[in-house]
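Engineer: Quick one: sequence plus predicted model below, questions after.
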Amino acid sequence: MSFFSNTLYVRLSRNEVRVERLESGRSATVPMVEPLTVAQLLEGRFDAARHALRKAFQEVLGGALFALAPVVVMHPLEVAESARSEALDRALRALALGMGARKVALHFGRELTDMEARNAAKQATRG
């Protein structure tokens with residue numbers, strides 16, 4: 001990864017979003033205005049998540065004027081792999097892309113180490 005890369009590991013939980021920029025280790029944790037549920041994601045009602053993500057992205061990326069669009073690894077912490085569906089995948093991708101991601105990778109299961117998150121980012125796809 002180059003110095004100019006922006007790879008973000010996003011951990012979504014019911015009550016907060018944690019975003020870490022893997023290149024710098026800079027991170028931000030932002031509480032949700034209202035708890036986020038899988039049902040809300042599936043229905044496309046993720047304004048609270050979008051608000052929290054926007055704030056966390058700004059903190060982590062530092063509001064750079066010409067920041068490279070990030071590659072995002074989305075990790076819904078409270079969703080088991082067995083509960084994964086195409087609709088949920090689409091909703092998570094739409095949330096990341098709506099925040100300006102150029103590529104998105106999804107991860108379900110245990111939290112990733114920084115190296116595992118970097119490897120997941122290499123598998124990220126557009127749209």
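Structural biologist: The structure has been received and is ready for your questions. Numbering: from 1, shown residues only.

Engineer: For the protein, which segments are assigned as strands?
Structural biologist: 7-12, 16-21, 27-31, 71-76, 103-106 (DSSP state E).

Engineer: just checking, what packs against the last one?
Structural biologist: Using 3 or more CB pairs under 8 Å, 6 or more residues apart in numbering; DSSP states H and E as the contact test, the elements touching strand 103-106 are strand 71-76, helix 86-98, helix 114-122. C-beta coordinates here come from the backbone N, C-alpha and C atoms, glycine included.

Engineer: For the worst-scoring helix or strand of the chain on mean pLDDT, buried residues please.
Structural biologist: Across the helices and strands of the chain, mean confidence by mean pLDDT, DSSP states H and E is lowest for helix 38-42: a mean of 80. Buried residues in helix 38-42, counting neighbours by 16 or more other CB atoms under 10 Å, are found at 38, 40-41.

Engineer: do stretch 102-113 as well
Structural biologist: 103-108, 112.

Engineer: Next: stretch 73-84.
Structural biologist: Buried, per 16+ other CB under 10 Å, within stretch 73-84: 73-77, 79.

Engineer: Make a markdown table out of these and add distance to residue 33 and pLDDT.
Structural biologist: Output for the buried residues of stretch 73-84, formatted as a markdown table (distance: CB to CB, whole Å; pLDDT from 0 to 100):
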| residue | distance to residue 33 | pLDDT |
| --- | --- | --- |
| 73 | 24 | 98 |
| 74 | 19 | 96 |
| 75 | 20 | 96 |
| 76 | 18 | 94 |
| 77 | 18 | 92 |
| 79 | 20 | 84 |
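
Engineer: quick one: the longest helix anywhere in the chain to strand 27-31, angle?
Structural biologist: Longest helix of the chain, by residue count under DSSP state H: helix 47-61. Calculated by axes from the mean of the first three to the mean of the last three CA atoms, to 10 degrees, helix 47-61 forms an angle of 160 degrees with strand 27-31.

Engineer: For the protein, which residues score under the pLDDT cut-off?
Structural biologist: Residues of the chain that meet the criterion pLDDT under 70 lie in 1-4, 63-67, 127.

Engineer: repeat that for 80
Structural biologist: Where the chain drops to pLDDT under 80, the residues are 1-5, 38, 42-44, 63-67, 80-82, 127.
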